[in-house]
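Q: Predicted structure and sequence below. I'll ask about it afterward.
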Amino acid sequence: MGGLIYVLFGISVVFNGLGVIALIRFPDVYTRLHGATKCTTFGSIFTALGIIAYGFARGGAAHETLAIHTIVALVALLVTNPTGSHAIARAAHRSGVKPKGAVVDRLEGRS
Amino acid sequence: MLAILVTAVVAFLFYLLLTLGSGSVGEWSATELITGAVLSLIAGLIAGRVVFSKKERSGKSHYRMLNPLRWLTFLVYLIGPFFFAMARANLDVAYRVITGRIRPGIVRLSPGLSTDLGITLLANSITLTPGTLSVDVDEGTGDLFVHWINVKDTEPTCEAVCGSFPKWARRIAE
């Protein structure tokens, strides 16, 4: 069980790290959103899974409460993250930020 | 109005489930009951129009999301096809982060969903999958504008961008 928890945390650190690299490498707000919100979400899901596994492995009322609360936090993360990144992207496009190097922009000229 | 009340009641029941065994009024403490009631009412006011109603043009409410089978389908979708697609797309984006090979663009998709909840579910699934990001929606036709990090086709079909997601969204919410 301990090994599994280390693997989960390891995956989460790798993907969160990739999110940081994406933030530096990518050219504009939209592509950065891909790296900075999605890679880190995937990483954070594995952090949460690690904590859930830890909570149930340790047992006892306090640790099980921790695990259940983390499950609720995981669901909240899955709902709020896309809403937030969608809001940032929509606001950016409405305030006139063009996607850099885009091969096609079907939204141009609308709204 | 009824939609708001039904949403509030469902939210309140869920809150009660989470705070089970917290005090002496039945199984709950008085503070939790009052907090739960206030929060559920707020949640109902915000989300009632989305969860239990159709799109604005028909304006009618429906209560098919009260069917537990739909929530079970949602759970199966989250754990199975959605998580698999998300993991695969994450590896793809990880590759693009390292090599810097991107071909970004905003494309238009016509998923053909008719309810607000279905479109919300699909847009959220698309945004959570790395490599695709829903930027805007055409309220009239339900078309989505998606920022795609690796455009293979400027007039793509829904399947090319988001795989089986529209099929599942239809199964869950319509």
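A: Thanks, I have the structure now.
Q: Please make it C-alpha for all contacts and neighbour counts, starting now.
A: OK.
Q: right, and residue B:77 touches residue B:168 too?
A: Yes - when contacts are counted by C-alpha atoms under 8 Å, residue B:77 is listed as touching residue B:168 (7.1 Å).
Q: quick one: secondary structure of residue B:83?
A: Under DSSP: H, G, I helix; E, B strand; the rest coil, residue B:83 falls in the helix class.
Q: pLDDT at it, what is it?
A: On pLDDT, residue B:83 comes in at 84.
Q: Grab the most central residue of the chain for me.
A: By default, I'm working from chain A. Centroid-nearest residue in chain A: residue A:41, 1.4 Å away (criterion: C-alpha atoms, centre = their mean).
Q: not what I meant, chain B
A: When C-alpha atoms, centre = their mean is applied to chain B, the residue found nearest the centroid is residue B:121 (2.6 Å).
Q: quick one: low-confidence ranges for chain B?
A: Counting by pLDDT under 70, chain B contains low-confidence residues at B:21, B:53-62, B:65.
Q: and the longest helix along it, which residues are buried?
A: Across chain B, the longest stretch assigned as helix under DSSP state H is helix B:30-51. Going by neighbour count (16 or more other C-alpha atoms under 10 Å in any protein chain shown), the buried part of helix B:30-51 is B:32-33, B:36-37, B:39-45, B:48-51.
Q: With just CA atoms, put that helix into PDB.
A: Extracted in PDB, the C-alpha atoms of helix B:30-51 (Å, rounded to 0.1, in the frame of the first residue of the first chain):
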ATOM      1  CA  ALA B  30     -28.500  22.300  14.500                       C
ATOM      2  CA  THR B  31     -25.700  24.400  13.000                       C
ATOM      3  CA  GLU B  32     -25.200  21.900  10.200                       C
ATOM      4  CA  LEU B  33     -28.900  21.700   9.500                       C
ATOM      5  CA  ILE B  34     -29.200  25.500   9.200                       C
ATOM      6  CA  THR B  35     -26.000  25.900   7.200                       C
ATOM      7  CA  GLY B  36     -27.100  23.100   4.900                       C
ATOM      8  CA  ALA B  37     -30.600  24.600   4.300                       C
ATOM      9  CA  VAL B  38     -29.200  28.000   3.400                       C
ATOM     10  CA  LEU B  39     -26.500  26.600   1.100                       C
ATOM     11  CA  SER B  40     -28.900  24.300  -0.700                       C
ATOM     12  CA  LEU B  41     -31.300  27.100  -1.300                       C
ATOM     13  CA  ILE B  42     -28.400  29.200  -2.800                       C
ATOM     14  CA  ALA B  43     -27.300  26.200  -4.900                       C
ATOM     15  CA  GLY B  44     -30.900  25.700  -6.100                       C
ATOM     16  CA  LEU B  45     -31.200  29.400  -7.100                       C
ATOM     17  CA  ILE B  46     -28.000  29.200  -9.100                       C
ATOM     18  CA  ALA B  47     -28.200  25.700 -10.700                       C
ATOM     19  CA  GLY B  48     -32.000  25.000 -10.800                       C
ATOM     20  CA  ARG B  49     -32.500  26.400 -14.200                       C
ATOM     21  CA  VAL B  50     -29.600  24.300 -15.700                       C
ATOM     22  CA  VAL B  51     -30.100  20.900 -14.100                       C
END
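Q: the helices in chain B, which residues?
A: Counting by DSSP H, chain B has helices at residues B:2-18, B:30-51, B:68-77, B:83-99, B:116-128, B:158-162, B:165-173.
Q: so which of those comes closest to residue A:1?
A: Proximity to residue A:1 (C-alpha to C-alpha) singles out helix B:83-99 among the helices of chain B, at 22.2 Å.
Q: Cheers, nothing more for now.
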